[in-house]
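Asks: Need the 3D shape of this:
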Amino acid sequence: MTGLPLPPVPEPYYLPFHYGALHNIGVDFLIAPERARELLRKRHPGLVPALFDGRACVSVNYQLYFAQYPGGGGMTQEVEINLVAHPEFAEERLPELTYGQYARGYDQTKLLGIARLHVLCDNPLAIDAGRLLYAEPKRAGWFETLMPSLNAPSVQERWSVSCRRGSIDEGGLQRHEEELLSLEADLTGLAAEPVTNTPITGYGTDDEGRLLAGPLNVYQPYRFHALDDRSADRVRLDVGNPAEEPARDLAHLVADAPAAGVWTYQSPPVAAHNRPYYIR
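Replies: Numbers count the residues shown, from 1 in each chain. Next comes the predicted model:
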């Protein structure tokens, strides 16, 4: 049997990488396909945009996750700017789907995946691992967030994510005030349905121009909120300084397109420290 070698796993990393907890919101925008083709030709020449009723799909994806290691634990935040895409040679193997069918996990070939254009992250170790293991275009950023939490029930179904510019030096992550993007979503009262759309195939292109794919399994369903003309204004996306490449690319892709769908995932709690009571 002959085939391509597996991508290397350099020390000190180990795969698969196990998440201890994951909190995640993704917002999809349907856009003119030529904008997507332009950036894919530049960043991932082995990929072409998936089309849903003639439109390409931009996904802005925020994650907060925890991982446990032998010597302790670590928390990471990141936001991905992605295009839904597939390898150019795979066109005939894919089913014809609407956006709603894609969002609900109808594609089980898993050739439809996320082509990462920019990944902004607040953990230097995760930045290095993402670059080396998955060829992610990952760089420093930091975050101010508001999200639903059982420890603050009044927040309900509101999400707010502000991503600001970061840099890394010998002292670790350095925070700058310049905002790259912000995302707000008020999902309170909107109908949600459970969807099984994983594994999610993440595409990267390494420094030698080789296309690789890394699947992410999430072991419970996402919650999907389909948006229409009456509910699209529940989501607001703002981009920052156009001199910054992530902001410039996102503004070029999305322009004034309304949000088409929102998907969320929050790890269930595993323990609760309850209210105390008096003994005497």
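Asks: shaky segments in the stretch 51-200 of the chain?
Replies: Residue ranges of the stretch 51-200 of the chain with pLDDT under 70: 155.
Asks: any idea where the strands of it begin and end?
Replies: Applying DSSP state E, counting those that start in this stretch to the stretch 51-200 of the chain gives strands spanning 56-69, 72-87, 113-121, 138-146, 158-169, 172-186, 193-195, 200-205.
Asks: Note down every partner strand of the longest one and its orientation.
Replies: Paired strands of strand 72-87, with direction, are strand 47-49 (antiparallel), strand 56-69 (antiparallel), strand 113-121 (antiparallel) (DSSP bridges).
Asks: which of the strands of the stretch 51-200 of the chain is buried the deepest?
Replies: Highest mean neighbour count of those: strand 113-121, a mean of 24 (counted as mean count of other C-beta atoms under 10 Å). Quick note: C-beta positions are derived from backbone N, CA and C, even for glycine.
Asks: Roughly how far does the residue most central in space within the chain sit from Gln77?
Replies: Geometric centre of the chain, nearest residue: Asn61, 3.0 Å, by C-alpha atoms, centre = their mean. From Asn61 over to Gln77 the distance is 12 Å, taken as C-beta to C-beta, to the nearest Å.
Asks: So which of the strands paired with strand 72-87 is nearest Thr264?
Replies: Thr264 sits nearest to strand 56-69 of all these, at 9.9 Å, using C-beta to C-beta.
Asks: now the angle from that closest one to strand 158-169?
Replies: 70 degrees (axes from the mean of the first three to the mean of the last three C-alpha atoms, to 10 degrees).
Asks: How far does strand 56-69 sit from its chain's centre?
Replies: Centre-to-centre, strand 56-69 and its host chain are 4 Å apart (C-alpha atoms, centre = their mean, to the nearest Å).
Asks: end-to-end on stretch 47-62?
Replies: End-to-end distance of stretch 47-62: 23 Å, with C-alpha to C-alpha, to the nearest Å as the criterion.
Asks: Any idea how far that stretch is from the middle of the chain?
Replies: Averaging C-alpha positions (C-alpha atoms, centre = their mean) puts stretch 47-62 13 Å from its chain's average.
Asks: repeat for stretch 73-80
Replies: Mean-position distance between stretch 73-80 and its chain equals 11 Å (C-alpha atoms, centre = their mean).
Asks: Stretch 65-74 now?
Replies: Distance, centroid of stretch 65-74 to centroid of chain: 21 Å (C-alpha atoms, centre = their mean).
Asks: could I have that stretch exported to PDB, CA atoms only?
Replies: Listed next in PDB are the C-alpha coordinates belonging to stretch 65-74 (Å, rounded to 0.1, in the frame of the first residue of the first chain):
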ATOM      1  CA  TYR A  65     -11.700  25.700  26.200                       C
ATOM      2  CA  PHE A  66     -10.000  24.000  29.100                       C
ATOM      3  CA  ALA A  67      -7.400  21.300  29.000                       C
ATOM      4  CA  GLN A  68      -5.800  19.200  31.800                       C
ATOM      5  CA  TYR A  69      -2.200  18.300  31.600                       C
ATOM      6  CA  PRO A  70       0.000  16.100  33.900                       C
ATOM      7  CA  GLY A  71       1.300  19.200  35.700                       C
ATOM      8  CA  GLY A  72      -2.000  21.200  35.900                       C
ATOM      9  CA  GLY A  73      -4.500  22.800  33.600                       C
ATOM     10  CA  GLY A  74      -4.800  25.600  31.100                       C
END
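Asks: Please tell me how far Arg175 sits from Ala115.
Replies: For Arg175, the distance to Ala115 - C-beta to C-beta - is 28 Å.
Asks: Next: Gln68.
Replies: 30 Å.
Asks: For Asn151, grab the count of nearby residues.
Replies: Residues near Asn151, counting by other C-beta atoms under 10 Å, number 7.
Asks: now Ala271
Replies: 5.
Asks: what does Leu237 give?
Replies: Using other C-beta under 10 Å, Leu237 is surrounded by 19 other residues.
Asks: Could you grab the helix/strand/coil label for Pro276?
Replies: Secondary structure assignment for Pro276 (DSSP: H, G, I helix; E, B strand; the rest coil): coil.
Asks: picking up where we left off before, of all the strands of the stretch 51-200 of the chain, which lies closest to Tyr99?
Replies: Using C-beta to C-beta, these put strand 56-69 closest to Tyr99, at 6.6 Å.
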